[in-house]
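**Q** Dropping the sequence and predicted coords here.
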Amino acid sequence: MGRFDGKVVVITGATSGIGRAAALQFAHEGARLVVAGRRQDRGDQVVAEIEGIGAEALFVRADVASQADVDALVMQAIDRYGRIDVLCNNAGYGGHEHYLTHEYTDEVCERYFQTNIFATLRMCRATIPHMLAQGGGAIVNTSSLAAELAVPFDSLYGATKAAIQSVTRTIAVEYAKDGIRCNCVLPGVTRTEMIPQGSGIEAMVANTIPLGRAGSADEVAAGIVFLASDEAGFCTGTSLRIDGGQGIF
């Protein structure tokens, strides 16, 4: 459809799930992609898929918990394309530990905060100066429905995702006059490698979702692409729930 013809899109956490789905949708829309993740083999696969669509892509192996990796990622994007029109902060950590709040160790706390909120801040800090210099851009952060709902045994995940939602609103206000929009998506239960379609987890939560099923990575990606597009030119500071209605209650 060409909504992103010639535009440069950087996506973290782009080698699987929502990030990969977003990368492919941006590619169909004509974007030039910089996809980042920690696994070279998966990065190479995503680049091959993007090139198969007829779009251009660069994979950068990066751990967004590392400031050095973040700086190198952004500079490689600038060296390759000269600008960054869209930043999608999709890398995240969660779903691996389930503890009561008093059971979390400092080590686990550090992992959640480094990979979720600190990584989002690092990427914004490295990218925004380039957006300022070029006269604008769009940032889309991946938060979670857990930012707004109390999810037992996941207090750290919810806390870091709520922080992303808060940072999104603040960035939106701080840089609105500079032509930089910042929004976030709040996915609910979404089918990924961790929650395959028809899995026991999906069946367990389906009765809590008005639409009666988990969402797909493509459905969340469509929200990301919309918020990054000119069609959402009057949206900034927005939190878009993509949750099958679960957050209504």
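**A** Happy to help now that I have it.
**Q** can you give me the strands for this structure?
**A** 8-11, 32-37, 56-61, 86-89, 137-142, 180-187, 190-191, 215-216, 239-242 (DSSP state E).
**Q** which non-adjacent residue is nearest residue 10?
**A** In space, and not counting its chain neighbours, residue 10 is closest to residue 34: 4.5 Å by Cβ to Cβ, 6 or more residues apart in numbering. Yep, even glycine has a C-beta here, placed from its N, CA and C like the rest.
**Q** Tell me, how many residues neighbour that neighbour?
**A** Per other Cβ atoms under 10 Å, the neighbour tally for residue 34 reads 27.
**Q** Likewise for the one 3 residues further on?
**A** Neighbours of residue 37 under the rule other Cβ under 10 Å: 24.
**Q** again, but for residue 153
**A** Look at residue 153: counted by other Cβ under 10 Å, it has 12 neighbours.
**Q** give me phi/psi at it?
**A** The phi/psi pair for residue 153 (degrees, to the nearest 10) reads phi 70, psi 10.
**Q** what's the pLDDT at it?
**A** The per-residue pLDDT reported for residue 153 equals 85.
**Q** quick one on the thing from earlier: report the beta-bridge partners for the residue nearest to residue 10.
**A** residue 10, residue 58 (DSSP bridges).
**Q** Please tell me how far it sits from residue 214.
**A** Distance, residue 34 to residue 214, by Cβ to Cβ, to the nearest Å: 29 Å.
**Q** follow-up on the earlier one: I'd guessed the residue nearest to residue 10 sits against residue 9; true?
**A** Yes: between residue 34 and residue 9 there is a contact at 7.2 Å, judged by Cβ atoms under 8 Å.
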